[in-house]
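[1] sequence and predicted structure are below.
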Amino acid sequence: MAQQHLDPTDPTAAGPVTGDALARYLRSQATEFLRALRLHRETGGSGGAPGRAQPRPGDNGAEGSADAALALRQSARRISGSLHTYRPLLDPAWAEDIRPELAWLSGTLALEHAYEARLARLLLALHRLSGAAVFPAQTVGTAPAGTAGPDAPPSDATERGNLTVGAAKAGALLERQLTLARTRAHSTALQALGSSRFHAVADKLAVLASDVPLTLTAPTTDLRPLAAAAEERLTDAVTTLPLVTAGHPYNAEALIHGLSPDPAPHPQDGPWHQVRLLLRLHRYAREVLAPHGGSPLHVRVLSAGQALNRHRDASEAAAAAAQAARTPRIAPATAYALGVLHADQRHEVEAARFAFQQAWQKQTVTTS
């Protein structure tokens, strides 16, 4: 199948968009970062009490701090992504110095929320799989569970009952492990925000809000070829993905690897994670062009990005379930529940890949 481009970035389609547009974008993102930092400090900078999965109702300070931390991450990612795509137009020493610091900051601030969301996802999946609250109602005319002949296969209710035995302990184990990880991530984030390293980053972004270190040729250089290059890197990476395999509903190889004793990340996931990062860079590159005549992102690009986010979440949740199943001396019923949970999340990974394939290969309707 011929590779479809996302949304062509034709340098001749409109007038040039020069480095001045990049400078305005970077200044606006630096200003957003400083505004979020001020909000974070005004709300106490706590981001929620360590070890608490959700803020208490009415705890506006914790919610405001969490929103501020999210805004800090978003601004840091956008600035870093723009520096990566448009680095030929920026002072190279300055760009290479600040990009790793922005990646460190956004990654550190993202961990606490990631652990919280992962725990919520896994507990919800356990509840769905085990049917701990209410079992499905029996269909009229169906024999009650346990009344079938001795050679009849186990009913769904029996299988769910077996899963329910270990689901509670599996959930408690996951909650202990991920809450501990979230607490540590929260402490790490607080230490990072109070460190001299973070203050150095904040000082540089304060300067960036008023002075962008462009090269001498940037005011006359068109940004569109650089944005097109980012898009090309994305399409090249997508061509390496097994989209034919993603079109099938079951991937036994991925499931078998996850159940093995090897704790290494699944080898199939890496290229998909890389495409997700490249798609984000493509989006940020287009954000710079959008106010200056650039066409908006097509809906299928947004759908593809959402599918890749679901893929990342399910992949990391499956890894967390597999890691919990490797805990020494857990009960067989607990290990069984965690194995079922892991398989469920790997199926979610495959569903997300299928959704990405459908979004990516969807034809864009154009008029001639």
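    Received the coordinates, thanks. Residues are numbered from 1 along each chain as shown.
[2] secondary structure class for the residue lying closest to R233 once chain neighbours are set aside?
    Among residues not flanking R233 along the chain, L278 sits closest, at 5.7 Å (Cβ to Cβ, 6 or more residues apart in numbering). Bear in mind the C-beta positions are built from the backbone N, C-alpha and C, glycine included. Secondary structure state of L278, per DSSP: H, G, I helix; E, B strand; the rest coil, is helix.
[3] so what's the residue count around L278?
    A count of nearby residues for L278, using other Cβ atoms under 10 Å, gives 19.
[4] please renumber so the chain begins at 14
    With the count now opening at 14, the last piece we talked about shows up as L291.
[5] tell me how far it lies from Q371.
    Going from L291 to Q371 by Cβ to Cβ, to the nearest Å gives 19 Å.
[6] got it, and D110?
    Distance from D110 to Q371, by Cβ to Cβ: 42 Å.
[7] what of L132?
    In terms of Cβ to Cβ, L132 sits 29 Å off from Q371.
[8] show me which of these two is the more surrounded one.
    Neighbour totals were compared for L132 and Q371, and L132 leads with 21 against 16 (other Cβ under 10 Å).
[9] and the pLDDT at the residue nearest to the more buried one when sequence neighbours are not counted?
    Using Cβ to Cβ, 6+ apart and skipping residues adjacent in sequence, the residue nearest L132 is L191, 4.1 Å away. You'll see L191 listed with a pLDDT of 97.
[10] ok, now the one 10 residues further on?
    The per-residue pLDDT reported for T201 equals 96.
[11] wait, doesn't it sit right on L124?
    Yes - counting by Cβ atoms under 8 Å, L124 is a contact partner of T201 at 7.0 Å.
[12] isn't W285 right up against R366?
    Yes - W285 lies in contact with R366 (Cβ under 8 Å); the separation is 6.8 Å.
[13] residues shared between the contacts of these two?
    When contacts are counted by Cβ atoms under 8 Å, 6 or more residues apart in numbering, W285 and R366 have H324 as shared neighbours.
[14] the more surrounded of these two?
    Taking neighbours as other Cβ under 10 Å, W285 and R366 compare with R366 leading, 27 against 23.
[15] and that one, how close does it get to L39?
    With Cβ to Cβ as the criterion, R366 and L39 are 34 Å apart.
[16] now the strands for the stretch 114-263 of the chain?
    Taking DSSP state E, counting those that start in this stretch, the stretch 114-263 of the chain contains no strands at all.
[17] so where is it shaky, pLDDT-wise?
    Across the stretch 114-263 of the chain, the ranges flagged by pLDDT under 70 are 145-176, 257-263.
[18] quick one, what contacts A250?
    Applying Cβ under 8 Å, 6+ apart, the residues near A250 are 284, 287-288, 291.
[19] switch the cut-off to 10 Å
    284-285, 287-292 (Cβ atoms under 10 Å, 6 or more residues apart in numbering).
[20] quick one: the helices in the chain, in order.
    32-55, 73-98, 105-143, 169-206, 209-221, 237-252, 256-259, 265-271, 282-302, 312-338, 345-373 (DSSP state H).
[21] any idea of the mean pLDDT in the last one?
    In this model, helix 345-373 has a mean pLDDT of 93.
[22] you'd agree L239 is up against P29?
    No - at 11.8 Å, L239 and P29 do not qualify as touching, with contact defined as Cβ atoms under 10 Å.
[23] more neighbours, these two?
    Using other Cβ under 10 Å as the criterion, L239 and P29 rank with L239 on top: 20 against 15.
[24] ok, now which ones touch that one?
    22, 24, 35, 98-102, 298, 301-302.
[25] at 8 Å what do you get?
    98-99, 101-102, 298.
[26] do F46 as well
    Contacts of F46 (Cβ under 8 Å, 6+ apart): 84-85, 88-89, 92, 215, 218.
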